[in-house]
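Asks: with the input below, show me the fold.
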Amino acid sequence: MSTIKQEAERCLKCKKAMCSAHCPAATDIPQVVQLFLDGKIKKAGEILFYNNPLSAVTSIICPHERNCTGHCVRGIKGEPVMFYRIEEFVSRFYLETLDIPEIKKNGIKVAVAGSGPAGITMSLLLLLNGYDVTLFEAEDSIGGVLKYGIPPFRLPREILDMYKDIMLKMGLRFRPNTRIGTNIMIEDLFPDGYKAIFVATGTGRPNKLGLIGETLGHVHFAVDYLKSPAAFKLGNRVAVVGAGNVAIDAARTAIRRSHSHVTILHFMGEENMTANHEEVEMAQLEGVEFIHFAQAVRIKEDSVRCVRVNRIENADGTFSFEEDYSDVFDVPADSVIIAIGQGPGADMKAAGVKLTQKGLLDVNEYGETTTPGVFAAGDIVSGPKTVIEAVAFTKKVFSKMDEYIKSETR
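Replies: Numbering: from 1, shown residues only. Down below sits the predicted model:
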């Protein structure tokens, strides 16, 4: 493997960089690479941080093959430049050596509900612009899905600790174990002087399969398992139902913690999996077995009953999938982990905020809800998406929120 410097030297620094064009945060990759090569690492880190406050996170867990790396022109006839390696090194160095800037406070209070990717991004943007921020988090520490949904072997916990330390030094007030929508309602915040509220409570409620056997004692939801894997005794054989990153994270965690034989069941083929290709590849190397075209239809005490799914090519070239009930088989399982997506966990109905049919917050293109002064972003708006997509939209919401607050406080 090439060194980080050698990787940077491979970058062509294209004038019309396709890597930047396909980054949801529009990172100026050629500029960052050039600064890195010129030895101006701190400046490169500053550009990354102010463009994408979570660059130290996204450089590790982004689906690079869909974004920057997947659109590098060098990848057309050879190996693409692995910019994320440069980004991770520069971003981490920047956080570790960051001198908290002198920030002039404006005396305006803003509440942020949820400390996942969108919540951290908004808190940093508000703090850097002089606002007094109170961050409410349902769990005991900052991070949201970054801490309680992504295993530490994928995202080191010390990175989240650095963000927490930086925000506290900037003046953040943090209220852990406080769920907005349950302990405190949105409408309770305005009388206490908050001029705006940003909701980023995520989608922590797991979706159900709706199968017989789903309430049995050996059946668990992946989002619950990933919060505290040590609390679960899975046995020797684990079946994971799902095909996204959460399913892969649960499978890889189970192999590490329980030394179990883990099988992932997916009703479509490998090419249809929504998980990052690199994570799927790592899971395979670690010993996770994949059974594709297997639709779970019942959970039994010691197995998952499945039916075979046939892939059928349609006349227009598309494909459909049809269950074949003549081909039924059981996959042995001491435990079953369900990972088929999540929905909103907190109840926002009492705030008068309009919800979508899926129970997500209904917002306009700037993250404004139907309640004046209440803004939202992240998974509670879009459903489960990538961290970089949450960051990109949150930046857009901040601009509108900042404009709203200033107009209301003149």
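Asks: per-domain residue ranges of the protein.
Replies: Under automatic domain parsing, the residue ranges defining each domain of the chain are 4-96, 109-205+342-408, 208-338.
Asks: switch the ones you listed over to JSON lines; also include mean pLDDT.
Replies: Compiled in JSON lines, the domains of the chain are given as follows (pLDDT from 0 to 100):
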{"stretch": "domain 4-96", "mean pLDDT": "96"}
{"stretch": "domain 109-205+342-408", "mean pLDDT": "92"}
{"stretch": "domain 208-338", "mean pLDDT": "94"}
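Asks: quick one: closest of those to E102.
Replies: domain 109-205+342-408 (10.7 Å; C-beta to C-beta). Any C-beta I mention is one placed from the backbone N, CA and C, and that applies to glycine too.
Asks: out of the domains of the chain, which is closest to I103?
Replies: Closest to I103 of these, according to C-beta to C-beta: domain 109-205+342-408, at 5.7 Å.
Asks: name the SS class of T27, please.
Replies: Secondary structure, DSSP: H, G, I helix; E, B strand; the rest coil: T27 is coil.
Asks: name the helices or strands packed onto the longest helix along the chain?
Replies: If you go by DSSP state H, the chain has its longest helix at helix 387-408. Packing partners of helix 387-408 (3 or more C-beta pairs under 8 Å, 6 or more residues apart in numbering; DSSP states H and E): helix 55-61, helix 117-128, strand 194-199, strand 374-376, helix 379-382.
Asks: just the buried positions in that helix, please.
Replies: 387-395, 397-398, 401-402, 404-405 (16 or more other C-beta atoms under 10 Å).
Asks: list just the nearest of those residues to K13.
Replies: Distance to K13, by C-beta to C-beta, is smallest for I388 among those, at 21.6 Å.
Asks: longest strand of the chain, counting residues only.
Replies: Ranked by residue count and defined by DSSP state E, the top strand of the chain is strand 319-332.
Asks: need the contact partners of that strand.
Replies: With C-beta atoms under 8 Å, 6 or more residues apart in numbering as the test, strand 319-332 has contacts from 237, 239, 263, 265, 267-268, 291, 293-295, 297, 300, 302-314.
Asks: before we move on, back to that, out of the helices and strands packed on helix 387-408, the one nearest S91 is which?
Replies: helix 55-61 (3.9 Å).
Asks: what number of residues lie near K208?
Replies: 12 (other C-beta atoms under 10 Å).
Asks: how far away is it from G367?
Replies: According to C-beta to C-beta, to the nearest Å, K208 stands 29 Å off from G367.
Asks: what about stretch 149-162, how long is it end to end?
Replies: Taking C-alpha to C-alpha, to the nearest Å as the measure, stretch 149-162 stretches 18 Å from start to finish.
Asks: may I see the buried residues of it?
Replies: Judged by neighbour count (16+ other C-beta under 10 Å), stretch 149-162 contains these buried residues: G149, I150, R154, L155, I159, L160, M162.
Asks: from the buried residues of helix 387-408, which single one is nearest Y225?
Replies: The nearest member of the buried residues of helix 387-408 to Y225, counting by C-beta to C-beta, is V387 at 20.5 Å.
Asks: do I have it right that that closest one meets N52?
Replies: No: counting by C-beta atoms under 8 Å, V387 stays clear of N52, with 9.7 Å between them.
Asks: identify the contacts common to those two.
Replies: Shared between the contact lists of V387 and N52 (criterion: C-beta under 8 Å, 6+ apart) are residues T58.
Asks: now the domains of the chain in TSV, with distance to I103?
Replies: Converted to TSV, those look like this (distance: least, C-beta to C-beta, whole Å):
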stretch	distance to I103
domain 4-96	13
domain 109-205+342-408	6
domain 208-338	34
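Asks: report the angle between the longest helix of the chain and strand 194-199.
Replies: Angle of helix 387-408 versus strand 194-199, following axes from the mean of the first three to the mean of the last three C-alpha atoms, to 10 degrees, is 160 degrees.
Asks: got a list of contacts for the helix or strand harbouring F36?
Replies: Here F36, judged by DSSP states H and E, is contained in helix 29-37. The contact list for helix 29-37 (C-beta under 8 Å, 6+ apart) reads 5, 8-9, 11, 13-15, 17, 19-20, 23, 41, 43-44, 47-48, 68, 83, 86-87, 90.
Asks: now do stretch 7-17
Replies: The contact list for stretch 7-17, computed with C-beta under 8 Å, 6+ apart, reads 2, 28-30, 33-34, 36-37, 73-74, 81-83, 85-86.
Asks: buried ones among those residues?
Replies: Buried among those (16+ other C-beta under 10 Å): D28, I29, P30, V33, F36, V81, M82, F83, R85, I86.
Asks: closest one to A283 out of those, please.
Replies: Set against A283, the nearest of those by C-beta to C-beta is M82 (20.4 Å).
Asks: which non-adjacent residue is nearest that closest one?
Replies: Counting by C-beta to C-beta, 6 or more residues apart in numbering, M82 lies nearest to E7, which is 5.4 Å off, once chain neighbours are set aside.
Asks: just say helix, strand or coil for the one you found.
Replies: What three-state DSSP gives for E7 is helix.
Asks: and for it, the neighbour number?
Replies: 20.
Asks: where along the protein do the helices fall?
Replies: Along the chain, the stretches classed as helices by DSSP H are 4-10, 18-21, 29-37, 41-51, 55-61, 83-96, 117-128, 145-148, 157-169, 222-227, 245-258, 277-285, 379-382, 387-408.
Asks: quick revisit: what comes into contact with the longest helix of the chain?
Replies: 23-26, 52-54, 57-58, 61-62, 67, 108, 110, 116-118, 121-122, 125-126, 129, 131, 146, 195-196, 198, 200, 365-368, 373, 375-379, 381-382.
Asks: apply 6 Å and report the result again.
Replies: 24-25, 52, 54, 58, 62, 117-118, 121-122, 125, 195-196, 366-367, 375, 377-378 (C-beta atoms under 6 Å, 6 or more residues apart in numbering).
Asks: and M170, how far is that from S123?
Replies: 9 Å.
Asks: of these two, who's got more company?
Replies: Neighbour totals were compared for M170 and S123, and S123 leads with 28 against 17 (other C-beta under 10 Å).
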